[in-house]
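Trainee: here's a sequence, model it:
(4 chains, ligands or ions: 4)
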Amino acid sequence: MKKALGIIGIFTAIFIVASVFGENFLTGINLMQLTQRASLYSILALGASLVIVTGGIDLSIGSVVCLSGIMTPWLLVEKEWTPMQVIPTVLAVSAFIGLCHGLLITKLRLQPFLVTLCGLLLYRGLARWLTGDQSQGFQGEFEGVRSIALAKFAIPGIENYRIPSTVIPAIVLAVAIGLFLSRTVWGRWLLATGRNESAARYSGVPTARLVTLSYVACSLLAGFGGMLFIFDIGSAQPSDFGNFYELYAIAAAVLGGCSLRGGEASVIGVLFGAATLQVLRNTITLVGLSSQLEFAVIGTVLLVGVAADELIRRFSARRLERLGART
Amino acid sequence: MKKALGIIGIFTAIFIVASVFGENFLTGINLMQLTQRASLYSILALGASLVIVTGGIDLSIGSVVCLSGIMTPWLLVEKEWTPMQVIPTVLAVSAFIGLCHGLLITKLRLQPFLVTLCGLLLYRGLARWLTGDQSQGFQGEFEGVRSIALAKFAIPGIENYRIPSTVIPAIVLAVAIGLFLSRTVWGRWLLATGRNESAARYSGVPTARLVTLSYVACSLLAGFGGMLFIFDIGSAQPSDFGNFYELYAIAAAVLGGCSLRGGEASVIGVLFGAATLQVLRNTITLVGLSSQLEFAVIGTVLLVGVAADELIRRFSARRLERLGART
Amino acid sequence: MPSEQPVFLRVRGVGRRYAGVTALADIDVDVRGGEVLAIVGENGAGKSTLLKILSGVVQPSDGDLQVADASGALQSVVLDGVRDATKAGIALVHQELNLAENLDVAGSIYLGREPSRLGLLDLAAMRRDARKWLARVGLDIDPGTLCGTLPIAQRQLVEIAKALSCEARILILDEPTSSLSAREADRLLEIMAELRGRGVAVVFVSHHLDEVMRIADRVVVLRDGHKTGELARGAYDRATVERLMVGRDLARVERRASRADSRVRLKVEGLLSAHRKKSPVSFEVRAGEIVGLAGLVGAGRTEVLEAIAGITHAGGRDGGRVMLDGTELVGASFERVRRGVAIVPEDRARNGLFLEDPVSMNMSLAWLDRSSRARLVDGRGERSLVGSMIARMQLRPAQPARRVQTLSGGNQQKAVIGRWLAVDPAVLLLDEPTRGVDVGARAEIHAEVRRLADAGSAVVFASSELEEVLLLADRIIVMHEGAIAGELAAHEASEVAIMHLATGGTHAS
Amino acid sequence: AADLVAAQKARIAAFKAAPKKRPHVAFVSNGVADFWTIAKAGAIAAGKDKSINCDVTVEFPGGGLSDQKRMLEDLVIKGIDGISVSPIDPTNQTDVLNLVAEKSLLITNDSDAPKAPRLCYIGMDNYDAGLMCGKLAREGCKGGKVAIFIGRLEQDNAKRRRQGFIDGLLGRTPDATRYDEPSKVLTEAGYTIVGTWTDSFDRAKAKANIEDVMIKNPDLALMTGLFEYNSTLAVEVIKQQGKQGKVQLAAFDEGADVIAAIKEGFVLGTVVQDPYGYGFESVKVLNAFCKGDMSMVPANGMISIPARVIKKDNAEAFWKDLKAKIKAGKEGGSKDAK
Ligand SMILES: Nc1ncnc2c1ncn2[C@@H]1O[C@H](COP(=O)(O)OP(=O)(O)OP(=O)(O)O)[C@@H](O)[C@H]1O
Ligand SMILES: Nc1ncnc2c1ncn2[C@@H]1O[C@H](COP(=O)(O)OP(=O)(O)OP(=O)(O)O)[C@@H](O)[C@H]1O
Ligand SMILES: [Mg+2]
Ligand SMILES: [Mg+2]
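Mentor: Ligands and ions are numbered 1, 2, ... in the order given. Now for the predicted structure:
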């Protein structure tokens, strides 16, 4: 929780600015769409944070999003599979990808950066080759399955704002991962492995198995996220769908208090990290800044945010020290 | 040298395959163009390796390439500066960017990933804003400056193949960095800092200064590389120029034997790493594989390459041990 | 206290506060040339903090440091960083090891002070001079060896060589002998005496009072960050010092009666280690028995313990077998831990601790797996366990939420041991169990280990301190160059007998 | 879709009685390119035009489909009165296009979405433009090996443009529904189309593609770069390798280097669209809608702004005109011309 305070602060600041200066920012429909986007990216970021906790990194998230997002309509439309066949298949493929990463990293001891970078190239290439570079979409059909990501639930008494269905998996996953890390033996082991792999091994932790598991979970979530993304967007091009999403996911996790050296995570922080990025982008449009400036603004705001967070933290630590000595 | 053996092996294998199956692969002009491309990417990769040695990472390389590559023709053509003014300015801006990274990382102790990710967004945004998203080119002029990257030197006795001028900075930088790391006091300190910062600090090494220096060098090389790239290509669009180049640079460094945990580098390996990626792309076109498959092929080849390297290493270590039992 | 020796360094009213603790308060010390100054105190008393302040690693919160200049006059200084200290002629060997593993030994020794010509390293000179300093500390290795491949004792010697090579006026050593065996420790004491003879000021910390008795000219005693006494040679004895340290008299612990009659719990057959293929090791440990492994640095004790725990896989296809209660132990370390094997590693920072994590996490890690139902952590149970283990191990400060990194060295060691004592393992393997632990706490740890053995566990420990081996072990196995050189029952063992075997002599002693 | 169109028309009819005082309209591209910068100049010029006079927002989505979707959603929320969009993948973008039609007024530019509830399309037919380019090539090069370079093939306009080029080059009877696989080598009418290469907008790669293809086929007779920078880079490579006149180039769009090369005479010519017109007309039409006026929309819903072929004779005049337009657009400030 303490680790998440920084990003919650940054989020709040941006939210206030957006409310004051953004046209129609505080309307139900805008908040609804923001919730949707934040949920989708959260799912990827949660996966990323599991890998980051082990001290690893997964650069293939965006490509797995692409592969699963492309496969879903491709299997449904071109191959005419039923949704009941497609969903498990896509998830299984994603999990298998993660398993390969995990085994290459733990058994062959290859660097995670390298393995998942190859993955980044490979799965996108696979998606492009599979579809012959044609964009894939539902062509207006499959409303049924797509409602997994498109349904909205009304809240009695509140108009305009309805809860998007993607919130449910995002929250369920966040709670599950949060509990997993703090309340289960395996979660504790994962944290220990990330902090000091060798000490974890001496303490009887099956480190290789846990690291593998975290890569499986990350790819599985990326695959699941990719499916939700495509249900939401309706169509995608293999050559650009999911580009840079790994950076967004990792950025959300790191902003949320995960250290890339491993052993630290904050699920609440990750959710806020993902939401911050989305609110920021939305704000830029609603405030009417040029989309040319979008990147520059996001970069600056994040940098100023984390720098301010660090300075505040330091200042308060120094005060504590000066007060000193309770012993 | 030993660390570079793996990538030299991979490179050789690909080179042989390309010679056998690639149409006109072994022609002078193709080899000349490959030398040119390998040199350009090597410059970025050498910069990346300096940062990786410290245990850090620089994700902003591609955006610095973009900013400097866009600024060069923009200042020359739109602002009508002279080349003598433009080149130092662009290099100074790049170095200044690196200085900011270094200070944020060492003084504020922010995570390098986060700082340079913000940089990735910021400098591209800056380039887009500066030029109003307009692509920048030399419009057929400035042959003089451009020859910095376009001149070719004939070798007496060899026809067709001439040495591209970009080889010179690449080789000079490689030798300089190689000597720096292995033969100078500062290089030694950099290596020590990368592996065990506190050990270095306790030995009186000015670690913060060295880390800052390495970020300055990395951005400076990225800026220099960006300039050479634009001299070579002639024009660029701010929204996509240099996208993903940081990944190519880091991949080349890691393939070449740099460990992302820091403290390890092999300059020869980095050169071969950069060359491998370029030969691979060239081979795909010359062999006549669909460009859709390009990513998939690169991913697979690299993965198989590093896995094979690791297995061979392990196998030979075991043989050595079996022969050995040196005690 | 008048003394004819010149004061090199004067400490006046120095204190250091951290968030939550006062590590050091109002310390006055004079460091004199040609004198060996020992600093003693319990774990967490503030010894390391004081030494770090003297060497510029840590800045004092208050107080004043004065350093003698060329003419011998004392000048107030601010030592901001190691560089300043080096300039003032001060060198420090840290309590925790600090070597960059990617450098070779020569590179490590000269890190920060590399000889260079025109900016280029003078590698030849570095190697040559490094060899000289290595010989000085009695370490016979090639200066081109990578530090990462050295066992901990050799690293410690490299660090000492590094400090010696500074040829400083003031040499500061924080528990330099804690991971050395008797022979290397003796050699180090000789070196210290020699330096003293040459007018160098030597400051050192040790928990071995016999070392202190042998060499120190003056002893400064710290307790809870305060100076409780300063005694000159001849004015102190062991009991006085202990009383000043602990505030009471320490009870002497006697060796307990051996219980070698019960069934065999742990059986090691023909174990070949990963690095030495030639000499298989076999021995048995009975239920309730405590076996001590003795030997010189590099004798192979660590390798044996790690092979039993499955950390390093025994070399070759026929790497020997380890049986627990009659069934073979197979697989990786986690499978062995499941069956009740526990190992306290030699290098706590590298293999034992999660430095950035709180004490509670470090102490409950092994317990989690045993206690949890359905893999869920029982939060309340965990808290009470950690509380009771902190009390049992006398961890100070007793704050479960404190990061282990900020504990003193001895307290860190207690945290690692506590992790395993919490789960009552069937086999407890301890590698240098009381490294850096103070006298009082050492007795406590020994008592805990005995309690565990009395409950029927098999205990094997390796220690470089003969005193500890003699005191704790029921049976002593002496190793020499990777093989078992002989076995001694506790009652027939003596330091001489052990050293005889350890240096390659035969059993006929 | 039909009822959404009807609903929009009803709203426009209602504006007749109560016209919007100062409408706020948006122009959304399908990516970032010089082409769109020129279109932006047109849109902003229209906003400031005395007879039109409205607020204009221009958005360039840099991240493909999902980015375009997000921008459209955000614009709708902002309460924009009308949007002219160049949809990246209209067959699969029905949701977001419907959303725009529901809350605002939807027209398309550059790339059409006939099935979407758009009120009209402003632009040209990319197949026709490709055909022009193909014919230009056929005139200048009587057979031999031909290579096609294009940023990417996923978008509809790219596919149509490429197909138009092939049909024009080979002298087939025009048929926009034809589709030749990009991976196949086509040998027909004395020409061999050796392949189509894409680069996902990475220029260094685009250049490498051209160089590599020229190495693989030393006897290449003709190239075409179907996106602006593909042509620009082709000119660059031809110059660097001194192949002026040996390899012909039929270009697309108005890259500065391409125009210069046409003037020099080693490029056959280029097919240019009128992005300025797309921008200008889009704003003009949307503004008229907000005043309740639908008269400029023809029955088939296509407001055609045809492509032109620029050759050596008209290059100079074209270039001067273009520069003047861009300059006028830039003077309006960076983005929102209010
Ligand atoms: N960085 C820090 N942050 C907070 N507290 C610290 C820090 N470093 C030391 N301390 C505290 O200061 C006190 C003194 O520690 P110090 O390391 O000096 O003890 P020591 O006498 O060397 O003990 P040992 O014999 O166990 O090495 C301890 O209570 C310790 O927890
Ligand atoms: N990773 C390794 N690579 C090569 N040799 C090793 C390695 N680890 C240990 N050795 C060698 O094996 C020998 C036995 O080392 P070990 O650490 O088991 O000795 P020890 O008796 O525990 O001594 P101490 O702990 O006092 O150093 C040493 O000589 C050491 O050089
Ligand atoms: Mg200490
Ligand atoms: Mg040992």
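
Trainee: and residue 284, what helix or strand is that in?
Mentor: No chain specified, so I'll use chain A. helix A:267-287 (DSSP states H and E).

Trainee: switch to chain C, please.
Mentor: strand C:281-286.

Trainee: and the helix or strand just after that strand with ligand 4, contact?
Mentor: Using DSSP H and E, the next helix or strand after strand C:281-286 towards the C-terminus is strand C:290-295. No: using CB under 5 Å from the ion, strand C:290-295 never reaches ligand 4; the gap is at least 8.6 Å. To be clear about C-beta, it is placed using only N, CA and C from the backbone, and glycine gets the same treatment.

Trainee: list of residues touching whatever helix or strand comes next after strand C:290-295?
Mentor: Heading C-terminal from strand C:290-295, the first helix or strand you meet, by DSSP H and E, is helix C:301-309. Helix C:301-309 is contacted by residues A:202, C:151, C:266, C:268, C:271, C:273-276, C:281, C:293-295, C:312-314, C:319-320, C:322, C:329, C:333, C:336-337, C:341-343, C:345-346, C:427, C:429, C:431, C:460, C:462, C:479, C:482 when judged by CB atoms under 8 Å, 6 or more residues apart in numbering or on different chains.

Trainee: out of these, which sit inside helices?
Mentor: When DSSP state H is applied, the contacts of helix C:301-309 are split such that A:Y202, C:S333, C:R336, C:V337 fall in helices.

Trainee: and the gap between the last one and ligand 4?
Mentor: I take that to be C:V337. 20 Å (CB to the ion, to the nearest Å).

Trainee: and what of the first one?
Mentor: Per CB to the ion, A:Y202 is found 14 Å from ligand 4.

Trainee: show me where the stretch 101-250 of chain C has its strands.
Mentor: Assigned by DSSP state E, counting those that start in this stretch, the strands in the stretch 101-250 of chain C fall at C:116-117, C:120-121, C:170-174, C:201-205, C:218-223, C:226-232.

Trainee: deepest of these, which one?
Mentor: Highest mean neighbour count of these: strand C:201-205, a mean of 26 (counted as mean count of other CB atoms under 10 Å in any protein chain shown).

Trainee: parallel or antiparallel, which strands does that one pair with?
Mentor: Sheet pairing for strand C:201-205, assigned by DSSP bridges, gives strand C:35-41 (parallel), strand C:170-174 (parallel).

Trainee: mind putting those in CSV, distance to ligand 4 and mean pLDDT included?
Mentor: As requested, the strands paired with strand C:201-205 are exported to CSV (distance: least, CB to the ion, whole Å; pLDDT from 0 to 100):
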stretch, distance to ligand 4, mean pLDDT
strand C:35-41, 25, 94
strand C:170-174, 20, 95
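
Trainee: tabulate these (TSV), appending distance to A:I87.
Mentor: Shown next, in TSV, are the strands paired with strand C:201-205 (distance: least, CB to CB, whole Å):
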stretch	distance to A:I87
strand C:35-41	65
strand C:170-174	61
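
Trainee: of these, which is nearest A:S68?
Mentor: Evaluated with CB to CB, the strands paired with strand C:201-205 place strand C:170-174 nearest to A:S68, the distance being 55.4 Å.

Trainee: is that closest one anywhere near ligand 1?
Mentor: No: Strand C:170-174 stays clear of ligand 1 (CB under 6 Å from any ligand atom), getting no nearer than 7.1 Å.

Trainee: give me the residues contacting that strand.
Mentor: Under CB under 8 Å, 6+ apart, the answer for strand C:170-174 is C:8-9, C:31, C:47-48, C:51, C:54-55, C:88-95, C:160, C:163-164, C:192, C:195, C:200-205.

Trainee: try 6 Å
Mentor: C:8-9, C:31, C:48, C:51, C:54-55, C:90-95, C:200-205 (CB atoms under 6 Å, 6 or more residues apart in numbering or on different chains).

Trainee: cool, and stretch D:163-171?
Mentor: Taking CB under 6 Å, 6+ apart as the rule, stretch D:163-171 contacts D:127, D:130-131, D:133-135, D:137-138, D:174, D:178, D:180, D:188-189, D:224.

Trainee: and the residues you listed, which of them are buried?
Mentor: Among those, those classed as buried by 16 or more other CB atoms under 10 Å in any protein chain shown are D:Y127, D:G130, D:L131, D:C133, D:G134, D:K135, D:A137, D:R138, D:T224.

Trainee: ok, back up a step: turn the contacts of stretch D:163-171 into a markdown table, columns for secondary structure, distance to ligand 3 and pLDDT.
Mentor: Shown next, in a markdown table, are these (DSSP: H, G, I helix; E, B strand; the rest coil; distance: CB to the ion, whole Å; pLDDT from 0 to 100):
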| residue | secondary structure | distance to ligand 3 | pLDDT |
| --- | --- | --- | --- |
| D:Y127 | helix | 81 | 91 |
| D:G130 | helix | 79 | 94 |
| D:L131 | helix | 84 | 94 |
| D:C133 | helix | 79 | 95 |
| D:G134 | helix | 82 | 95 |
| D:K135 | helix | 87 | 94 |
| D:A137 | helix | 82 | 94 |
| D:R138 | helix | 87 | 94 |
| D:P174 | coil | 87 | 91 |
| D:R178 | coil | 82 | 89 |
| D:D180 | coil | 78 | 88 |
| D:E188 | strand | 85 | 89 |
| D:A189 | coil | 88 | 89 |
| D:T224 | strand | 75 | 95 |
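
Trainee: residue of the stretch 51-200 of chain C closest to ligand 3, please.
Mentor: C:Q95 (4.5 Å; CB to the ion).

Trainee: where along the stretch 151-300 of chain D do the helices fall?
Mentor: Listed in chain order, the helices of the stretch 151-300 of chain D (DSSP state H, counting those that start in this stretch) span D:156-170, D:203-216, D:228-240, D:256-264, D:275-290.

Trainee: for the residue of chain C most remote from its centre, grab phi and psi.
Mentor: Largest separation from the mean C-alpha position in chain C: C:L118, at 40.8 Å (CA atoms, centre = their mean). Backbone torsions of C:L118, given as degrees, to the nearest 10, read phi 50, psi 40.

Trainee: closest one of the buried ones among the contacts of stretch D:163-171 to B:Y245?
Mentor: Distances from B:Y245 to the buried ones among the contacts of stretch D:163-171, taken by CB to CB, are shortest for D:T224, at 27.5 Å.

Trainee: what's the closest non-adjacent residue to that closest one?
Mentor: Excluding the flanking residues, the one nearest D:T224 by CB to CB, 6 or more residues apart in numbering or on different chains is D:A250, at 4.7 Å.

Trainee: for the contacts of stretch D:163-171, which one is nearest B:T82?
Mentor: Distances from B:T82 to those, taken by CB to CB, are shortest for D:T224, at 36.7 Å.
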